[in-house]
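A.B. asks: Prediction below, plus the sequence it came from.
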Amino acid sequence: MKSQLLLSLICSFFILVSLQANAREVKLHQVSELKVTTLSTMLANRGIGEWGYAALIEVDGRKILFDTGNRPQTVLQNAKELRIDLSDVEDVILSHNHGDHTGGFETLRAHFSEQNSKALSRVHVGKGIFNKRVGRANRMLAMKNTLEKQGVVFNEYTSVKEIYPGVWLTGNVARVHPERNWGGRGRIETSHGHIEDNIPEDMSLVINTKDGFVLISGCGHAGIINTMEHIVKHIHPGTITTAIGGFHLMNADDKHLTWTADKLKYFGLQNMMGAHCTGINSLYTLRRLLASNRKQVVVGSVGDSFSLREGVKPGGIAR
């Protein structure tokens, strides 16, 4: 009798744990409104094209600037051209330390802080972005020191973090698969000597919607598949329906693109706006391998957008 009672208690305990786990999954917040607008990449419908990336994320009444382009004035001028107001943006995500993603930040901060002292004052970065690089100055160190004196706060992340309801940062992404999306020549200074610079800070933005996750990436140095596996492992084992930004597939061969497409199918990808370093031919190859179309898998261009209401809205040059 005692053994039966003990067994019953144990079963009840595991049922309770399971219910609590399911409750936690149900409570994972889904955003109701989302729009992503490209502000910097090579192709431009309106404004200026450049080798760089930036996008404005409008989610449930909040604005977030993801990366800041390459040249100091590009995002500022493109925002004006597109009649987009960035003065009320307080959060900035810098995906990694490279200048084609951070080059516009100081100009944007200086310009918009005159209208709003809190503009672009909260910066989210991955751990490792301030590492000392061998043979070249890491401009992020000097930028950090200058901007902190102005009241700008830098937040570093190593693991996933929900910064707003339904809005997540990946933190550092494990390199499980050999997606070598970096040059291979850079080195990082450490107390134990020099190690390969595989851009350890590479970080993406993840937004949870009723249809699945939306992924925004700057360069995808960690690898698009590594990043997606990181998301379903550490945030929620759901589908990733949309991928936007740079994914560093421009030099990928057909074998790697076929492998990538097979993995993307597994994650349930439906929409892709491949900008910056994704590569035009690579994007078209993925479209064919995914058996998709020119309405859902498109080359990213300045002024294009994705929203929950309208889906992918490419610019004329990318249709």
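C.D. replies: Done, it's in.
A.B. asks: Wasn't Lys80 part of a helix?
C.D. replies: Yes. Membership of Lys80 in a helix is supported by DSSP: H, G, I helix; E, B strand; the rest coil.
A.B. asks: First-to-last residue distance for stretch 177-185?
C.D. replies: End-to-end distance for stretch 177-185, by Cα to Cα, to the nearest Å: 20 Å.
A.B. asks: For it, buried residues please.
C.D. replies: Residues 179, 181-182 are the ones in stretch 177-185 that count as buried (16 or more other Cβ atoms under 10 Å). All C-beta spots, glycine's among them, are computed from the backbone N, C-alpha and C.
A.B. asks: Output these in JSON lines, with pLDDT appended to each entry.
C.D. replies: As requested, those are arranged in JSON lines below (pLDDT from 0 to 100):
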{"residue": "Glu179", "pLDDT": "93"}
{"residue": "Asn181", "pLDDT": "80"}
{"residue": "Trp182", "pLDDT": "78"}
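A.B. asks: From the residues you listed, which land in helices?
C.D. replies: Judged by DSSP state H, the subset of those located in helices is empty.
A.B. asks: can you put those residues in CSV and add distance to Gly245?
C.D. replies: CSV is the format used below for those (distance: Cβ to Cβ, whole Å):
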residue, distance to Gly245
Glu179, 15
Asn181, 13
Trp182, 16
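A.B. asks: pLDDT weak spots in the stretch 151-300 of the chain?
C.D. replies: Counting by pLDDT under 70, the stretch 151-300 of the chain shows no low-confidence range.
A.B. asks: all helices for it, in order.
C.D. replies: Listed in chain order, the helices found in the stretch 151-300 of the chain under DSSP state H, counting those that start in this stretch are 224-234, 254-267, 280-289.
A.B. asks: Gly303 touches Leu43, doesn't it?
C.D. replies: No. When contacts are counted by Cβ atoms under 8 Å, Gly303 is not listed as touching Leu43 (9.4 Å).
A.B. asks: Can you check which residues contact both of those two?
C.D. replies: Shared contacts of Gly303 and Leu43 (Cβ atoms under 8 Å, 6 or more residues apart in numbering): Gly315.
A.B. asks: Who has more neighbours out of the two?
C.D. replies: More crowded of Gly303 and Leu43, by other Cβ atoms under 10 Å: Gly303, with 24 against 19.
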